[in-house]
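>>> can't give you the sequence, but here's the structure:
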Ligand code: HGY
Ligand code: MN
Ligand code: MN
């Protein structure tokens, strides 16, 4: 006798519609769409709010109930047959300043596609199924990253997030209040509600699956991340009249420190990847010695001890730079490595393998995530795991971000399969 859950899961998998998925990805990408094919849709901008409204309309057309919480996380809920905690999927729709069509957006649209497939297959699940669009996952406009999922899991953090400012001095709290004021037609949900499980569908954003020639990956965990803001303060002075030995050149100090930090980076398991992505030079003039240089540091490693070591190195190097000016180091974000529960990873793996086999593809492989995701906070709240599809040339956070449409559909099929198994109450 076929496991009824498996039978329903197969029917949900088969009901995923390739063209419908592609159409929603393409339509969502028009909100902030760019000439170069990328997307600029930073969090809580007008274009982000318009994209949210598009998704609300799509979710309502699928028969979902739509709700919002105090951090403007959006919930698209398909009722279950019992009043049980929801099985949840989703991701984020905010992008990098110049991002792609898929980072985050694919997980939200893939979740809506799973709901559409359940509707088409006439399947009722015991647990409600919810798709979430988490607020401000990227953290590039307002730091830190993954604010919405972090506030959901740890509501006390929201007050501090409200003070975060973007490059033009806009506070997150004001952008949030504006977004909530435009969503008064939606039901309200509390933060930190009980959830049965969370499964996030996302592009890998790296080269591993493509190099392995595989369309699906089951994610076992997420490496740790730490962000710092480093401010070198010297003295602005005339480029022509100031002798070299009398300068407090903030640019020179910042470059010296940057070189030392890059020398700490590498690809060994206990060596962090280091990125100095944002630089602000003041007064930023061709013929004035830089008085102040602020740069960001993004350090990633699966080994928490290596991140600790890197932080100690950064603080010592800043202290011992040996120049006339000062250096301030501020830690603005930190999240320890995440390990997803093995039994849920196995359950997701079975769904991925069932879908892969049915489509004539090899079994999915296990891999850890180099990028962070909202799942790293949900993993503190309920059993959580992720499904990856490959990224073309391993590129992301770039307008060229792309994934083979066949793999995008396979990922949505695996998600529909897994949500149905979990929605029927199968526990990992
Ligand atoms: O930075 C990250 O890892 C994520 O893509 N926001
Ligand atoms: Mn993402
Ligand atoms: Mn991203």
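Sure thing, it's come through. Every value quoted in this text rests on a predicted model; they were computed, and no experiment measured them. Ligands and ions are numbered 1, 2, ... in the order given.
>>> how about the helices of this structure, start to end?
4-15, 18-28, 46-61, 105-121, 147-153, 158-162, 172-181, 208-212, 250-262, 304-319, 342-358, 375-378, 405-423 (DSSP state H).
>>> residues contacting the residue positioned nearest the centre of the chain?
For the chain, the residue nearest the mean C-alpha position is residue 373 (3.7 Å; C-alpha atoms, centre = their mean). Contacts here follow C-beta atoms under 8 Å, 6 or more residues apart in numbering; on that basis residue 373 touches 91, 137, 146, 200, 202, 222, 386. (Each C-beta comes from the backbone N, C-alpha and C, glycine too.)
>>> could you rerun that using 7 Å?
Applying C-beta atoms under 7 Å, 6 or more residues apart in numbering, we find residue 373 in contact with 200, 202, 222, 386.
>>> do the same with residue 378
Applying C-beta under 7 Å, 6+ apart, the residues near residue 378 are 149, 153, 198, 384.
>>> now residue 297: how far from residue 397?
17 Å (C-beta to C-beta, to the nearest Å).
>>> between those two, who's got more neighbours?
residue 297 (24 against 18; other C-beta atoms under 10 Å).
>>> apart from its chain neighbours, what residue comes closest to that one?
Excluding the flanking residues, the one nearest residue 297 by C-beta to C-beta, 6 or more residues apart in numbering is residue 228, at 4.2 Å.
>>> what about the one you found, neighbour count?
Around residue 228 there are 22 residues (other C-beta under 10 Å).
>>> how about this protein: which residue is closest to ligand 1?
Ligand 1 sits closest to residue 371 of the chain, with a gap of 3.5 Å, by C-beta to the nearest ligand atom.
>>> tell me how far residue 353 lies from residue 387.
12 Å.
>>> my bad, residue 344
From residue 344 to residue 387 the distance is 11 Å (C-beta to C-beta).
>>> who's more crowded, these two?
Per other C-beta under 10 Å, whichever of residue 344 and residue 387 has more neighbours is residue 387, with 28 against 22.
>>> of all the helices of the chain, which one comes closest to residue 278?
With C-beta to C-beta as the criterion, residue 278 lies closest to helix 250-262 of these, at 12.1 Å.
>>> buried residues in that closest one?
250, 251, 252, 253, 254, 256, 257, 258, 260, 261 (16 or more other C-beta atoms under 10 Å).
>>> what of stretch 70-81?
Those would be 70, 71, 72, 73, 74, 75, 76, 77, 78, 80, for stretch 70-81 by 16+ other C-beta under 10 Å.
>>> could you pick out which of those residues are near ligand 2?
Cross-checking these against ligand 2 (C-beta under 5 Å from the ion) gives no overlapping residues.
>>> so which bits of stretch 174-189 are buried?
Neighbour-count burial for stretch 174-189 [16+ other C-beta under 10 Å]: 175, 176, 179, 180, 183, 186, 189.
>>> my read: the fifth one touches residue 68, true?
Yes. Taking C-beta atoms under 7 Å as the contact criterion, residue 183 and residue 68 are neighbours in contact, 5.0 Å apart.
>>> just the pLDDT for residue 101.
Looking at residue 101, its pLDDT stands at 98.
>>> typo on my end, it should be residue 29
Confidence score, pLDDT, at residue 29: 98.
>>> residue 425 now?
pLDDT for residue 425: 89.
>>> skipping adjacent residues, who's closest to it in space?
Spatial nearest neighbour of residue 425, excluding adjacent residues (C-beta to C-beta, 6+ apart): residue 126 at 4.8 Å.
>>> for the one you found, what are its contacts?
Contacts of residue 126 by C-beta under 7 Å, 6+ apart are 80, 81, 82, 84, 423, 424, 425.
>>> buried ones from these, can you make that a PyMOL selection?
Applying 16+ other C-beta under 10 Å to the contacts of residue 126 leaves a buried subset, and the PyMOL line that selects it is:
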select buried, resi 80+423+424
